[in-house]
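Trainee: could you work out the structure for the sequence below:
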Amino acid sequence: MVDAVATIALETLRDLLIEKAKFLLSVSGQVKEVERQLTLMHCFLKDADKRKDRYDSDTVRHWVAELQDLSVKAENVLERYAIEVTSKREGKNLKKILRRFTCILSECLSVYHTGSDIEVIMSRMADLTKQSEFLSKGESSSRSTGDTDWSRKTFGLDVEKHFVGMKDEIELLESLLESDDKSHRVISICGMGGLGKTTVATKIYNGEIAQRCFDARAWICISQQFQPRSIFQGLLKQLVPHAGEELDENELVRKLYNVQKEKKCLLVLDDVWEVNHWNNLSHIFPVLESSSKVLLTTRNQNIASTEYVHMLGCLTEDEGWELLQKIALPTHHQQGVTPTELKLFEKTGRKIVRKCGYLPLAVSVVGGILQQERTLIEWENVCMNIDSYLQRGKGCFPEDHEINTEKLYLIWMAEGMVSSEDKGRGETMINVAERYLSELANRCMVQVKMDQESIYYRFKSCRLHDLVRELCLSKAKEEKFMKVVDMQTGGDDESSTCTSRLAVNRDEVKDDNIRKNQNLRSLLLLEKEEGYRYRDNFEGISLGMLRLLKILVLESQHFKNKKLPQGIEKLILLKYLSIRDSEVDELPKSVCKLPCLQSLDLQVSCEIQIPNSIHELRNLKHLFLHSDGRSIIGGGKLKLEGLDELETLMGFNSKTDETTHLLKLPKLQVLDADVSDHQSLCMIADHILNHEDQFREVRLEIKNECSINSVEGSNLVRKMIMCRSLSGLKIMCPVSILPTYEPQSYLNVVSLLLSESNIKKDPMGILEKLPVLRNLWLWNDAYVGKRMVCRATGFPQLRLLSLDSLYNLEGWRVEEGAMPNLVSLSIFECNNLEMIPDGLKYITTLHELLIGDMSEKFMDRIRVVNGQEGEDYHKIKHIPTIFLPDD
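Mentor: Numbering: from 1, shown residues only. Sure thing, here's the model as predicted:
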């Protein structure tokens, strides 16, 4: 953790010294000396923080705490100086010019005080340096040269689950699910955290018996943040898609109850914490009136005690060693290892398993760490200091929260956690941050979900296991690095007042919370639950007191009169501002005066007016807009010229934004744009083609107002698909003919949506050749022909296929070998389609099938009525999840 603190301090000092040099001209020499001293100590810090638990005395821990405090004070001194100077220099009216002479004297005093403060810091730093030399005497390095530089290496991400043991337990639980015994309608898997309860439940949920024995399945995570409505809605959406969105809680319960009586359902409730939680949920399960079953995981064996409770045991030592070996010492790593050495590895490994308490999660996490440690000495070091290796995490996000990786990267960058020194040639800071996350996943500390719609980002989201999250929070609190406050359960004011990062996961922020935390660097107000809105938050509160704030996340908030809190214009050090999904109808012009702002997310939940001065944010690197639902104060189109640092632009719209300015952004790399006129489309296509080396990812939506239903339009589309950076394309208008596939075209198109395209010739012959296409939507008469064929070997990477409102389609043939990786298929409102294709029975990867608004004849062929299967049911019965919303 302290290594992270040192990294943040160094990045801040470099930022202030280089990017904000105008504030620090008078003290820049002293700042450079602070940076030099911190850099010299940085190497010792990285090792000392890992080794501090090995000392009998508290000397090292005290030394580390002193350095942490010194880093924060150095940061505070320089940033407060920057604030003072900026506040005195801003403004050009006559009154302020006349007051400038007074300000010069005041500024000199500020320089004097800042210089004096730095001298005190340098004196303390010199003392700490001497102490570090003393502490390191006689301490021989037990590691090979160079600790693993975690942020400089690219690690191969192993997403395969390493599973050992528990075979008998899984077979027993599956037999209970398969049985018609009504005394086993509710089955609990019980055990302490980290035993693998969720892993066992997942194995059962995805197993052959669960797929064969149940008509529908649903999985929901309960956790400590118990929200009944979200649970009911989440379960119902999985059992009956598109149902329950507008229902009140009583209607949700009634609908959910009836579905379980009509179908044989398997419902998994993962991580049930409290007996009263189960008592509040148990009434929605008709256990005596249906053949549906409930499987729950819990740490509390009193939950569902009247039903079957299965106590999950720890791994045996042999199983623990097998798991550790699979992760840390796979066969290909054993080359060159002698049998004698292997026995020594096993001896140390078994010692690690015992220290992990035979818990699968703990063994997996340590196994991930040991993947990079190839010597016996390194294994011994890890064995001695297991806890200290779990240092970087994301505990500020709510429990069981799926974390958007793009947001996570930008917060890391704004915090200074992503070091510019780790950038390779041609890399961005985003690439470096993604490497950091890759290693955390590789070490089994984070679970990641791959991004199927991007060629730039590898990961779409990530989450922490609750035990790892608890460890991160404990470590962060110990180091006074961060504090998470749950207002409903009562905040810990004592610790929150001396922290510099505050995450609020529930309820409202009060004026007292702000006054007691004026040294905050980060304030995150996160979504309480899906669809929840805070009521009139920040009423009467000014954020101007938080002058050192760098990160401000106000997501899913409701502000009085839909106006942002006062005082944001005073946060001149702010780097990251997000009001995503909040109710804000106007962005104050003062936000566009924040000199350090790098990331701005304006994807709000309502119509918003934006001042035409965003182009004044000269340091802005990432801008997120809604393509619709916004207007410019005073009219005109949004100006973008001048945003020379901008790397990401999401939600560009040619109707409301200046297209010519888009062509003048020299560092733009990621673009998401809606295009509504032919001229803009031509300009954007030409610009992207002529700057292939600049762009990393482009997603375009061609609106209905565009005219591409001509030879000229077809040529324009052909030009666009030649762009290597094009990853997503939506054509929402008629197109005369789809450009044929050529080796140089569609190179990186992973997502394609065609709507109202009126294509007359079967497009599948072209689309099935796209090498990396993963997602395909054909909607609203995208194809107006009667027959469609998916040939063998076609669509090699396709994972999602959606057919909706293809009114003329009568026959669809799927050959064996087509779409070998298809996971999800939906068919809606294709009223003339006669039957489900025979070839679906060959697609073994198909996990989800959604069918609705089809003819009665079509539906009768796939229904099961009173145990009688329709004539086409055999084509789809292998699919684990089948949704027929009409039934």
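Trainee: low-confidence regions, the stretch 551-700 of the chain specifically.
Mentor: For the stretch 551-700 of the chain, no stretch is flagged by pLDDT under 70.
Trainee: need the strands for it, in chain order.
Mentor: For the stretch 551-700 of the chain, strands defined by DSSP state E, counting those that start in this stretch occupy the ranges 551-554, 576-578, 599-601, 608-610, 622-624, 630-632, 648-653, 670-675, 697-702.
Trainee: can you add distance to G349 and mean neighbour count and give these back as TSV?
Mentor: Bear in mind the C-beta positions are built from the backbone N, C-alpha and C, glycine included. Compiled in TSV, the strands of the stretch 551-700 of the chain are given as follows (distance: least, C-beta to C-beta, whole Å; neighbours: other C-beta atoms under 10 Å):
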stretch	distance to G349	mean neighbour count
strand 551-554	41	23
strand 576-578	42	23
strand 599-601	43	23
strand 608-610	57	18
strand 622-624	44	22
strand 630-632	57	17
strand 648-653	44	22
strand 670-675	43	22
strand 697-702	42	22
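Trainee: tell me how many other residues crowd the closest residue to V789 other than its chain neighbours.
Mentor: Here the nearest residue to V789 in space, its sequence neighbours aside, is R813; by C-beta to C-beta, 6 or more residues apart in numbering that works out to 4.8 Å. R813 sits with 14 neighbouring residues when counted by other C-beta atoms under 10 Å.
Trainee: list the contacts of R813.
Mentor: If a contact means C-beta atoms under 8 Å, 6 or more residues apart in numbering, then R813 has R787, M788, V789, C790, P837, D838, G839 as its contacts.
Trainee: about what we covered before: turn the strands of the stretch 551-700 of the chain into JSON lines, including distance to E249.
Mentor: Below are these laid out as JSON lines (distance: least, C-beta to C-beta, whole Å):
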{"stretch": "strand 551-554", "distance to E249": "28"}
{"stretch": "strand 576-578", "distance to E249": "30"}
{"stretch": "strand 599-601", "distance to E249": "31"}
{"stretch": "strand 608-610", "distance to E249": "31"}
{"stretch": "strand 622-624", "distance to E249": "33"}
{"stretch": "strand 630-632", "distance to E249": "34"}
{"stretch": "strand 648-653", "distance to E249": "34"}
{"stretch": "strand 670-675", "distance to E249": "36"}
{"stretch": "strand 697-702", "distance to E249": "37"}
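Trainee: just to revisit the earlier point, tell me the SS of the residue nearest to V789?
Mentor: Assigned with DSSP: H, G, I helix; E, B strand; the rest coil, R813 falls in the strand class.
Trainee: what about it, distance to Y807?
Mentor: 19 Å (C-beta to C-beta, to the nearest Å).
Trainee: of all the strands of the stretch 551-700 of the chain, which lies closest to R124?
Mentor: strand 551-554 (27.6 Å; C-beta to C-beta).
Trainee: distance-wise, check the residue nearest to V789 relative to L752.
Mentor: For R813 relative to L752 (C-beta to C-beta), the value is 21 Å.
Trainee: gap between the two ends of stretch 280-288?
Mentor: Chord length of stretch 280-288, first to last residue, is 17 Å (C-alpha to C-alpha, to the nearest Å).
Trainee: surely L549 touches S522?
Mentor: Yes: under the contact definition of C-beta atoms under 8 Å, L549 touches S522, with a separation of 7.3 Å.
Trainee: which one's more surrounded, those two?
Mentor: L549 (27 against 23).
Trainee: so how far is N775 from the more buried one?
Mentor: 39 Å.
Trainee: now do E692
Mentor: Taken as C-beta to C-beta, the span from E692 to N775 is 24 Å.
Trainee: so these two - more neighbours on which side?
Mentor: Taking other C-beta under 10 Å, E692 and N775 do not tie; N775 has more neighbours (19 against 11).
Trainee: who's in contact with that one?
Mentor: Q452, E453, V750, S751, L752, L798, R799, L800.
Trainee: please enumerate the strands of the stretch 401-550 of the chain.
Mentor: 403-404, 447-450, 459-463, 483-486, 501-506, 522-525.
Trainee: what's the local residue count around N561?
Mentor: There are 9 residues near N561, going by other C-beta under 10 Å.
Trainee: now L662
Mentor: Other residues close to L662 by other C-beta under 10 Å number 22.
Trainee: can you give me the distance of it to Q609?
Mentor: 21 Å.
Trainee: likewise S855?
Mentor: S855 sits at a distance of 47 Å from Q609 (criterion: C-beta to C-beta).
Trainee: give me the helix or strand of this structure that scores worst on average pLDDT.
Mentor: Every helix and strand of the chain was ranked by mean pLDDT, DSSP states H and E. The lowest is helix 94-98, at a mean of 39.
Trainee: any stretches of the stretch 201-350 of the chain with poor pLDDT?
Mentor: 223-225, 242-245, 301-302, 304-307, 331-336.
Trainee: tell me where it has strands.
Mentor: Counting by DSSP E, counting those that start in this stretch, the strands of the stretch 201-350 of the chain are 216-221, 265-272, 293-298, 308-311.
Trainee: to F559, which of those strands lies closest?
Mentor: Nearest of those (C-beta to C-beta): strand 216-221, 30.0 Å.
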